[in-house]
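In: coordinates for the following, if possible.
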Amino acid sequence: MAPAASPSRPRLLWHDPEYEVELFEQLGPERADCEARMLAAGLPLPVQHRTEWAIVHPTRRLWFVAVKAAGAGYQAGFAVDVSRSRAMPGHVLFSVEKFGAALSDGARAAGLRALAHLGRSRARVLRVHVDVYAQDRAIRERVGTLLQELGFRSAAQSRTYRDTVLVDLAPDEDGILATFRRSTRRNIRQIAEQPFEVRTIARPAPVGRLEALLGESLARTGGPPHHEDWNGVTALSDRCPELSRLTGLFRTDAQGPEALVAFAWGLNHGDYVDNPATGMTRLPRSRTPFTYALIWDLIRWAKRAGARWFDFGGVTMGHLREGDPLGGISDFKRGFSNTIVAVGEEWTLEPNPLRGQLAAALSSASSYVSRRLRAVAQAIPIRNTSPV
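Out: Below you'll find the model as predicted:
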């Protein structure tokens, strides 16, 4: 009797005369070996596509699609986040972050064809969302053209950013620092003269404090809600310090959670590092700009890790003085670099349009009911039952 196949082994998902596309639905040595081969071949894999990311997010279903060329080995790979639909129980959503890295255009195209096939071959897939990331405009255009041919449409609602600020990491540290605005350099150095220190945030994650700092920052800038698994972030940073860094600014004259006054998170995607989240508070009678020193810490880490660029994670074209609600944070980012480039596009596919429309209608109705309930709750007077 033949031994049972390992559940972590891939299965053939799609093929043509030039490429075979495999699907890994489970973690295991086979997937780890596949990723190692891609990295050895010079393919930069974004962190969200790596086994290490899946390990620290055990509650998420993260599949991996690998594209292999005949006689040339693996040439592209990306993770597919499989999540449950809240609008329609029993149905799922597919999502791919930071799609774009590949050793050939053919491998990139084969991966997208396989993804579309995967979405259409499973009856309960409501939507396939692809977040494209590429600094090369020609790559974005070729990917967009193919996605349209495969039935994808430009996403109606944006989840991520299109434009961003980039810092060139080719010079040495002094050379990089010299490219910043004078006020930015001054604000970086100012921290050294204050009772603060920059150090990494280790496990156990101060989840409550991180969420409070992030929430306070978003409330000031008007940014959309951002939810992160901070235990997963610190676990990844501890396991793979070359891939993830969560750095914090701590008061040296205070103890406990309140000593942490700011944080910044960096992810190393191989050829670039980005900054998915930053948060800070403001102290009474203090005008010290906390986050400058943290971003400089991440830029230095990115340089040491061999990245070519530091990506600030999005920027708007407006300024604070012009009334742009995100203008203040965008002005802050432009203090580090004047290089602003388009990098992102978002596309969606509804394999079953009727089910997709029904899910959208149910989601819209649910959101309306939730808003009405919150409005009613806020209108009800609350008795103050605290002791006098």
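In: tell me which residues of stretch 95-110 are tucked away?
Out: Across stretch 95-110, burial judged by 16 or more other Cβ atoms under 10 Å covers 95-103, 106-110. Just so you know, the C-beta spots here come from the backbone N, C-alpha and C atoms, and that holds for glycine as well.
In: low-scoring stretches of the stretch 1-150 of the chain, by residue?
Out: 1-6 (pLDDT under 70).
In: strands of that one, start to end?
Out: Listed in chain order, the strands of the stretch 1-150 of the chain (DSSP state E, counting those that start in this stretch) span 11-15, 19-24, 61-69, 73-84, 92-99, 125-133.
In: now do the longest one: distance to the chain's middle.
Out: This means strand 73-84. Strand 73-84 has its C-alpha centroid displaced from the chain centroid by 15 Å (Cα atoms, centre = their mean, to the nearest Å).
In: neighbouring strands - and their directions - for it?
Out: Strand pairing for strand 73-84, using DSSP bridges, gives strand 61-69 (antiparallel), strand 92-99 (antiparallel).
In: quick one: the first one to strand 11-15, angle?
Out: Going back to what we said before, that points to strand 61-69. Angle, strand 61-69 to strand 11-15, by axes from the mean of the first three to the mean of the last three Cα atoms, to 10 degrees: 50 degrees.
In: between strand 61-69 and strand 19-24, how many degrees?
Out: Strand 61-69 runs at 160 degrees relative to strand 19-24, counting by the same axes, to 10 degrees.
In: now what about strand 61-69, what contacts it?
Out: Strand 61-69 is contacted by residues 10, 13, 18-25, 31, 34-35, 38, 49, 53-54, 74-83, 102, 104, 106-108, 110-111, 114-115, 118 when judged by Cβ atoms under 8 Å, 6 or more residues apart in numbering.
In: same question for stretch 200-213.
Out: Here stretch 200-213 has contacts from 228, 230-231, 233-235, 237-238, 241, 245-248, 257-258, 260-263, 279-281, using Cβ under 8 Å, 6+ apart.
In: just the helices in this protein please.
Out: 29-40, 51-55, 105-121, 137-149, 173-178, 182-190, 207-221, 230-239, 291-305, 327-334, 353-379 (DSSP state H).
In: what's the closest of those to D271?
Out: With Cβ to Cβ, the closest approach to D271 among the helices of the chain belongs to helix 291-305: 10.4 Å.
In: report how many residues lie close to R142.
Out: By the measure other Cβ atoms under 10 Å, the count of residues near R142 is 15.
In: nope, E258 is what I meant
Out: 13.
In: over to E193?
Out: Using other Cβ under 10 Å, E193 has 8 other residues around it.
In: can you pull the contacts of it?
Out: Counted by Cβ under 8 Å, 6+ apart, E193 has zero contacts.
In: for the residue nearest to D253 when sequence neighbours are not counted, give its distance to F250.
Out: Closest residue to D253 apart from its sequence neighbours, by Cβ to Cβ, 6 or more residues apart in numbering: P195 at 4.7 Å. Note on P195: its distance to F250, by Cβ to Cβ, to the nearest Å, is 10 Å.
In: neighbour count: these two, which is higher?
Out: Using other Cβ under 10 Å as the criterion, P195 and F250 rank with F250 on top: 19 against 11.
In: okay, and the beta partners of the more buried one?
Out: Beta-bridge pairing of F250 under DSSP bridges involves E197, L260.
In: quick revisit: if we compare the helices of the chain, which one ends up closest to F312?
Out: helix 327-334 (4.5 Å).
In: distance from the closest one to the middle of the chain?
Out: On Cα atoms, centre = their mean, the centre of helix 327-334 falls 20 Å from the chain's centre.
In: same for that helix, what does it pack against?
Out: Contacting helix 327-334 under the criterion 3 or more Cβ pairs under 8 Å, 6 or more residues apart in numbering; DSSP states H and E are the following elements: helix 207-221.
In: quick check: buried residues in the helix it packs on?
Out: Buried residues in helix 207-221, counted by 16+ other Cβ under 10 Å: R209, L210, A212, L213, L214, S217, T221.
In: out of those residues, which one has the weakest pLDDT?
Out: Of all the buried residues of helix 207-221, the one the model is least sure of by pLDDT is T221, with 72.
In: against I201, how distant is it?
Out: T221 is 22 Å from I201, where distance means Cβ to Cβ.
In: any idea of the pLDDT on the residue nearest to the spatial centre of the chain?
Out: Central residue of the chain (Cα atoms, centre = their mean): P276, 5.7 Å from the mean position. Predicted confidence (pLDDT) at P276: the value is 96.
In: ok, it touching G313?
Out: Yes. If you go by Cβ atoms under 8 Å, P276 and G313 touch, sitting 5.8 Å apart.
In: would you agree R142 is in contact with S104?
Out: No. Contact between R142 and S104 fails when scored by Cβ under 8 Å: they sit 11.6 Å apart.
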